[in-house]
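# only the shape, not the letters, is given here:
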């Protein structure tokens, strides 16, 4: 199989802003972590976390993002955007770090979480590309659930 060639619509901008990440892993368990952006575009962001997060998971980010990088909420002091985890991988710990960090890349999906996520936060999603003229956009495909109780973990499979 040939590797897919991936081109971004917008170049990533290095921008180290504080970020708050909210993740609801089940009806009874959620966590919050504060970190910093590594880079950002109008359509997504990259950052690091102290814990792994599954590819396909929907998370909420709150960022003091400049208005020119937002798709909505331009007058609000903080940009609250739901996002789809597209990439998550362990990165080598620096000497001064006690534990492994994880590099996470997300695509912004909007102001509201998908209705299916609200009903079941354990669901995982995959982007479905849509061709619109010369551009390719994406929407969330039907939720993908792990089979046979298997947890779909980004890190246990070397992704």
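Everything's here; your move. Not measured: the values here are computed from a predicted model.
# show me the shaky parts of the chain.
Applying pLDDT under 70 to the chain flags residues 1-10, 93-97, 130-139, 142-159.
# helices of that one, start to end?
Taking DSSP state H to define them, one finds helices in the chain at 115-119.
# and the longest strand seen in it, which residues are buried?
Scanning the chain for the strand with the most residues, using DSSP state E, yields strand 79-91. Under the neighbour-count criterion of 16 or more other Cβ atoms under 10 Å, strand 79-91 has 79, 81, 82, 83, 84, 85, 86, 88 buried. The way it works is simple: take the backbone N, C-alpha and C, and place the C-beta from them, glycine included.
# what does stretch 88-106 give?
88, 101, 102, 104, 105, 106.
# what's the answer for stretch 118-129, then?
For stretch 118-129, the neighbour count (16+ other Cβ under 10 Å) marks 121, 122, 123, 124, 125 as buried.
# dump those into CSV; add distance to residue 32 as well.
CSV is the format used below for the buried residues of stretch 118-129 (distance: Cβ to Cβ, whole Å):
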residue, distance to residue 32
121, 14
122, 18
123, 20
124, 20
125, 21
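# closest to residue 67 out of those?
Taking Cβ to Cβ as the measure, residue 67 lies nearest residue 125 of the buried residues of stretch 118-129, at 27.6 Å.
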